[in-house]
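Asker: sequence unavailable; structure follows:
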Ligand SMILES: Nc1ncnc2c1ncn2[C@@H]1O[C@H](COP(=O)(O)OP(=O)(O)OP(=O)(O)O)[C@@H](O)[C@H]1O
Ligand SMILES: Nc1ncnc2c1ncn2[C@@H]1O[C@H](COP(=O)(O)OP(=O)(O)OP(=O)(O)O)[C@@H](O)[C@H]1O
Ligand SMILES: [Mg+2]
Ligand SMILES: [Mg+2]
């Protein structure tokens, strides 16, 4: 019997998070036995680049494409074409509009992530609360926007958190760094920066360290343990959260396999197995969440920093 | 040491000493051209040696070999008997050879002092350039050649004549025993030329060996002691100036005798074709007014920088005048671009052939048809057969020498490029041709051909405006002469009432017509 | 009057001061010395790169590969540091400078010996360098925790009130000022760009001079490579992506003529500082960062237009009578 | 003197076919065939009509701009703002969409913005006499900057299906609308450059602008028209790309300007102006498309492809020069 070829398309090659997801995918492939993973993506995070990659995957007639999209809408026409040619298409991590995929696997639910971010910031605010700012990626990425919206929804429950502004670092190290610097200068009383992006959180922690504000400003948000270990150690970041990208890649592969081999169908309400991670239940948009984010702090960082 | 000053033997007897520089068997080829084949040349201290020859005879090529810009393919250079090579221009300078080149070798953005000392600036401690000393030294050199120029000024702020003086100062800033001058007077005015002659005399008295290249025979006979003649890259004669004469030299150069007679045929002068009145430009010229008649050659004389080229370019629509009017055949015309001028029958053969005339990179036939494309094409679509036909017709009339009409015009010699430019304009069937320095830097043989051709054109009913800085040419060819000075007309003379002295005085601001005195 | 050149820098300085005053009016904190020092520190790398680009542009060439060179050398030193934390930082910096110079020399050789137009050469090497980083690193990032503490600390270490990074920029400015105005090579850059044909006649090897300009620019890019990765404590394929045009823009704003032969160290530094002030001020005065691109674009266009006007001659004034009257 | 024996100058030195054989295009055809054969041998998926058709989308939009850019570079200018014009035109279409524009209006807006941007570049270069390479670096930031100001982190979506046809539609079987449009544009520009007097003046300007001016060529006007055309082509590319993606973001087509220039230079157009032609650029576009597609089929990361393209650029431009120098040396 032929191998089932599953393409794991990421936002861009070379990002630690996606490399870890690939590890998970390989793990799933090994477990399944007859699966070949094609790990691929553009060089920089553009929709045009992803389209080129997907076109060549369609040409190779792969069995399934699991994509973390650079643009919710721009990929739709190409992915539709893929589905027309009988290829199973799912999105994970950063979703595609419903008409462009069979289902979408969110790493966690937007609501859980938003809440978690605000909670982590609130926990380490000084007595009486303080000013908090958000440093996001270029919010052309869907999920950042959703999380920020969820954060704003739960704010009333945390009166001590005074959200002052949101700035964008475009997921570029230098720009994020400069934006963080700007925040530190414009808001002398700033107490926390929430950066729901792995590039931004590192840059913000670095900027706080360089400004000599460690202990005064707490950087939190979503980041990778390997990248944040140093900053947790120095105290620039008390805690941060992330789902497990290995699990995410693993789960996406499992779902893609199950759909491609017709062991499951993606329809609202369906329950699809994700192997060791459990099952996912699809909502009316054919979306499902994997698990709630996991918090990393000084107590557990050493264990995870060498994994991803 | 040879370059130490020695009492000059003022008479131009051959100095009985050894040559300081001897070239033998020098050859140099460029792709497709053998510029020099086995030439020899000797230079003696305290002596001016004139190097003469037609355009493309290889004179400048020899200069470049002498100064380390080109490497010879064959042959030897001996300095005081020792064989030497000059891998770069720097090495030649170190060996005591300096040159005023035919092309400009200056840098607009650098200061005068830097222009003079670039490549051999005085160094201070740690090898850094000693600016103070450089400026003082530059001031001294400039003073020596009698130029009042601030060494700290930026070169681009200087006038053209001052720039030439800087180039001369640069050549003299190195301690040299051999000074090469490649057409040094081509761009200088009367007064400056006299100063240059005085300088040459001084250098001679200091015992320097001087190589002097010129197309002007009067100055060769005035300042040179010896001569060497090149023809087609070969050395065809050398000797003492005192033992030759004008005709003999020309015969050597061209290989045949050439008359000095200007072939001015009497053309019938008819009604005015071009009338210019009150023509002014904000910075270049003012109050120009004249009339050009059918079949006439109107000469424009003036010193370099008198504004003649600017005026002609304004008539041709390259620049816009601020005031004044033009009438063509009685009809008022506003000319805003060369395209419009061409449409109205005015064409311009520019002074700078390389930059403004020929379009190197395009084939010969495309150069010829460029202004006539509307005629050779149909509804904007090219018709190659028509283009070749037109190009063939006009290039053959001018006796163009080329391998084929689809060759790049840039591969032609200067004279043949000029023919392509003229063919280009004739193909538009113009009424008025403006020729700006049509024979500048052209050898005697080609000159005569150009003059012959001008006569033919007026005989066919065209009108010509000829800008020239050469008095014999102006006197020989023009039906009428206008003299310009500092952007204004200072005199207008019919052919029979003008002589060289009148022209020189008017151009220098001493004389002029009463009509132009306000 | 011959100091027209100087006035161009003065004007740019005035524009920057004006800009600062305007910002200070709404946000006094921005012009506190400490913050201005921050802005300078933040602009240091751009300044160093602009100095390198200036040499290249002076010789009538252009280097589009400087940012890629920076990224490649940055990745190389970061990987070296991660693999062998024992290598002392000064040695690493020296290696970075050498590697950068070698990459620049590669550009230079292609321009000098093969005579490919510089823009084509560096368009090619720009993609090649980036590709090599990918091949070298396999696309992986080098993160803060993989770098040694000394590696990250060096550019931040305070020295007489300023971080070492700022000092390096200051030293480079001084060094470049001496090289450009006081050494034969520096003057040769101007000569080669101002009039290449004439440069040959003065004994200057045009190709070799350009080669040296590319090599020095490469060395500065190499230095910046280390500074960049240690300052931002991260190295990956795409660092400084698109920065090549910022470098050129800084030079252009600083009055360095793209046609070669015109420009000064002061201009390049001020051009870079203008960029630095705008970039740093926007987040502070609460203008959406989305405006930044349009502002720098307009600044480039205005600067080019202004410089072109200043360079254009006022006419040759043949009509001396009129000149005398005026 | 001896006029009778005067030998006439022949029209051509060698036959047309001989000169075609020696031309740059022949080399490019050889490269294209080589790449095609390698791809066909190395991937079983390559020789498939639908796959090849999909592959054309990798280059058609860039190649459309490359056609106009080729003329512009031949004339001695360059436009680095083309990708930014795409972004601005696409944004403008998005804005028009918000105001309820239909497909015809959207197309009109795209073309108009392209033309306006081209006119602005043209005015800066010909009207104010500024060097195009830096001016268009400036407008590149300005145009994309305006797109960012309008859009920020937002996106426009919801383009009507009839509009999507421009980027996703097929004219016949596997022949997409974009491919047909590109072929038509290539044909038009090929004819314009090689068969009309306008094309001739473009070459004249590129070889010697002053000489062309003195020959009665309207240099400024011609260059302005070329900038307009480049703007227009960018507008058309914006329509196709927007229709293909179905959405507008300010970062759309980021970095395309250098790819377009690479295509033009690879096609044998001298970056210094004055020489090159449309067939070469079309071939270069096809080669780049084939290379990207071939590497894609082997799942080679895009960045490795770019190394290949960079090397191709340097060797293809450098090899003939090196070859000539070696020959000169040995001669
Ligand atoms: N760099 C070059 N490449 C090709 N051919 C050249 C080059 N330089 C000179 N030539 C050719 O070599 C020949 C000699 O030129 P050269 O400049 O030495 O003549 P010249 O005697 O100085 O003429 P003129 O009186 O016009 O200055 C000419 O045919 C010229 O076209
Ligand atoms: N200061 C200067 N710097 C550089 N070039 C100059 C300068 N002054 C004049 N020229 C050049 O010298 C040439 C002659 O100038 P102009 O046209 O004003 O005078 P002209 O009377 O036509 O002299 P010519 O006899 O040389 O044609 C022109 O090509 C002009 O560009
Ligand atoms: Mg000569
Ligand atoms: Mg003149």
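Answerer: Now that the structure is in, tell me what you want to look at. Note that the structure is a prediction, hence the values are computed from the model and not measured. Residues are numbered from 1 along each chain as shown, chains lettered A, B, ... in the order given. Ligands and ions are numbered 1, 2, ... in the order given.

Asker: switch to C-alpha atoms for all contacts and neighbour counts from now on
Answerer: OK.

Asker: now do the contacts for residue 74.
Answerer: If you meant another chain, say so; for now it's chain A. A:47, D:244, D:245, D:246, D:247 (C-alpha atoms under 8 Å, 6 or more residues apart in numbering or on different chains).

Asker: not quite, go with chain C.
Answerer: Counting by C-alpha under 8 Å, 6+ apart, residue C:74 makes contact with C:96, C:222, C:224, C:225, C:226, C:227, C:228, C:229, C:235.

Asker: can you narrow the contacts of residue A:74 down to the ones near chain C?
Answerer: Counting by C-alpha under 8 Å from any C-alpha of the partner chain, the subset of those that neighbours chain C is empty.

Asker: from the residues you listed, which land in strands?
Answerer: Among these, the residues falling in strands (DSSP state E) are residue D:247.

Asker: so can I have TSV of the contacts of residue A:74 showing pLDDT and distance to ligand 2?
Answerer: As requested, the contacts of residue A:74 are exported to TSV (pLDDT from 0 to 100; distance: C-alpha to the nearest ligand atom, whole Å):
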residue	pLDDT	distance to ligand 2
A:47	86	54
D:244	91	54
D:245	89	55
D:246	88	56
D:247	88	55
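
Asker: what about the residue in the stretch 151-300 of chain C that ligand 2 sits nearest to, distance to residue C:60?
Answerer: Distances between the stretch 151-300 of chain C and ligand 2 by C-alpha to the nearest ligand atom are smallest at residue C:195, namely 13.6 Å. Using C-alpha to C-alpha, to the nearest Å, we find residue C:195 at a distance of 9 Å from residue C:60.

Asker: so which residues of the stretch 201-331 of chain D form helices?
Answerer: Here the stretch 201-331 of chain D has its helices, by DSSP state H, counting those that start in this stretch, at D:209-214, D:219-245, D:256-266, D:278-297, D:302-330.

Asker: before we move on, what about the stretch 1-150 of chain B?
Answerer: Under DSSP H, counting those that start in this stretch, the stretch 1-150 of chain B gives helices at B:59-66, B:89-94, B:112-117, B:131-144.

Asker: need the winner for burial among the ones you listed.
Answerer: Ranked by mean neighbour count, the helices of the stretch 1-150 of chain B are led by helix B:112-117 with a mean of 27 (mean count of other C-alpha atoms under 10 Å in any protein chain shown).

Asker: what lies in contact with that one?
Answerer: B:106-107, B:121, B:134-135, B:138-139, B:150-155, B:166-167, B:169-171, B:173.

Asker: any residue of that helix touching ligand 2?
Answerer: No: under the criterion of C-alpha under 6 Å from any ligand atom, ligand 2 is not reached by helix B:112-117; the shortest gap measures 13.6 Å.

Asker: now the helices of the stretch 201-331 of chain D as JSON lines including mean neighbour count?
Answerer: Formatted as JSON lines, those follow (neighbours: other C-alpha atoms under 10 Å in any protein chain shown):
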{"stretch": "helix D:209-214", "mean neighbour count": "24"}
{"stretch": "helix D:219-245", "mean neighbour count": "26"}
{"stretch": "helix D:256-266", "mean neighbour count": "24"}
{"stretch": "helix D:278-297", "mean neighbour count": "24"}
{"stretch": "helix D:302-330", "mean neighbour count": "17"}
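
Asker: redo the ones you listed as TSV? Include distance to ligand 1.
Answerer: Shown next, in TSV, are those (distance: least, C-alpha to the nearest ligand atom, whole Å):
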stretch	distance to ligand 1
helix D:209-214	20
helix D:219-245	29
helix D:256-266	27
helix D:278-297	29
helix D:302-330	13
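
Asker: in chain A, which residue is most central in space?
Answerer: By C-alpha atoms, centre = their mean, the mean C-alpha position of chain A lies nearest to residue A:93, the distance being 5.1 Å.

Asker: so how far is residue A:305 from that one?
Answerer: From residue A:93 to residue A:305 the distance is 21 Å (C-alpha to C-alpha).

Asker: before we move on, what about residue D:229?
Answerer: Here residue D:229 is placed at a distance of 55 Å from residue A:305 (C-alpha to C-alpha).

Asker: and chain A, which residues reach chain C?
Answerer: A:13-16, A:44, A:167-168, A:172-174, A:177-179, A:182-183, A:185-186, A:203, A:206, A:210, A:226-230.

Asker: residue in the stretch 51-200 of chain A nearest to chain D?
Answerer: Closest contact between the stretch 51-200 of chain A and chain D, by C-alpha to the nearest C-alpha, is at residue A:74 (4.2 Å).

Asker: residue contacts, the nearest residue to that residue once chain neighbours are set aside?
Answerer: Nearest non-adjacent residue to residue A:74, counting by C-alpha to C-alpha, 6 or more residues apart in numbering or on different chains: residue D:245, 4.2 Å away. Residues in contact with residue D:245, defined by C-alpha under 8 Å, 6+ apart, are A:73, A:74, A:75, A:76, A:77, D:167.

Asker: now with 10 Å, please.
Answerer: Neighbouring residues of residue D:245 by C-alpha atoms under 10 Å, 6 or more residues apart in numbering or on different chains: A:47-48, A:51, A:71, A:73-78, D:157, D:159, D:164, D:167-168, D:252.

Asker: still on that earlier bit, in helices, which of the contacts of residue C:74 fall?
Answerer: C:96, C:222, C:224, C:225, C:226, C:227, C:228, C:229 (DSSP state H).

Asker: what's the burial count for the fifth one?
Answerer: To tie it back to what came earlier, the one meant is residue C:226. 30 (other C-alpha atoms under 10 Å in any protein chain shown).

Asker: I'd say it and residue C:155 touch.
Answerer: Yes: with contact defined as C-alpha atoms under 10 Å, residue C:226 reaches residue C:155; the gap is 9.3 Å.

Asker: how near is residue D:246 to residue A:53?
Answerer: For residue D:246, the distance to residue A:53 - C-alpha to C-alpha - is 18 Å.

Asker: again but with residue C:151, I slipped
Answerer: Computed with C-alpha to C-alpha, the distance linking residue C:151 and residue A:53 is 37 Å.

Asker: remind me which residues of the chain are low pLDDT?
Answerer: Looking at chain A here, since you left the chain open. Residues of chain A that meet the criterion pLDDT under 70 lie in A:1, A:139-141, A:306-307.

Asker: that's the wrong chain, I wanted chain C
Answerer: By pLDDT under 70, the low-scoring segments of chain C are C:1-7, C:310-326.

Asker: all helices of it, in order?
Answerer: C:4-26, C:33-58, C:66-83, C:89-112, C:118-137, C:149-153, C:164-182, C:184-194, C:196-201, C:206-232, C:243-253, C:265-284, C:292-311, C:320-325.

Asker: want to try a markdown table for those, with distance to residue D:223 as columns?
Answerer: Below are the helices of chain C laid out as a markdown table (distance: least, C-alpha to C-alpha, whole Å):
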| stretch | distance to residue D:223 |
| --- | --- |
| helix C:4-26 | 30 |
| helix C:33-58 | 25 |
| helix C:66-83 | 31 |
| helix C:89-112 | 28 |
| helix C:118-137 | 21 |
| helix C:149-153 | 51 |
| helix C:164-182 | 36 |
| helix C:184-194 | 26 |
| helix C:196-201 | 27 |
| helix C:206-232 | 30 |
| helix C:243-253 | 23 |
| helix C:265-284 | 30 |
| helix C:292-311 | 18 |
| helix C:320-325 | 36 |
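
Asker: how about the ones you listed, which one is nearest residue D:86?
Answerer: Closest to residue D:86 of the helices of chain C, according to C-alpha to C-alpha: helix C:292-311, at 15.4 Å.

Asker: buried residues, that closest one. List them.
Answerer: Going by neighbour count (16 or more other C-alpha atoms under 10 Å in any protein chain shown), the buried part of helix C:292-311 is C:292-301, C:303-305, C:307-308.
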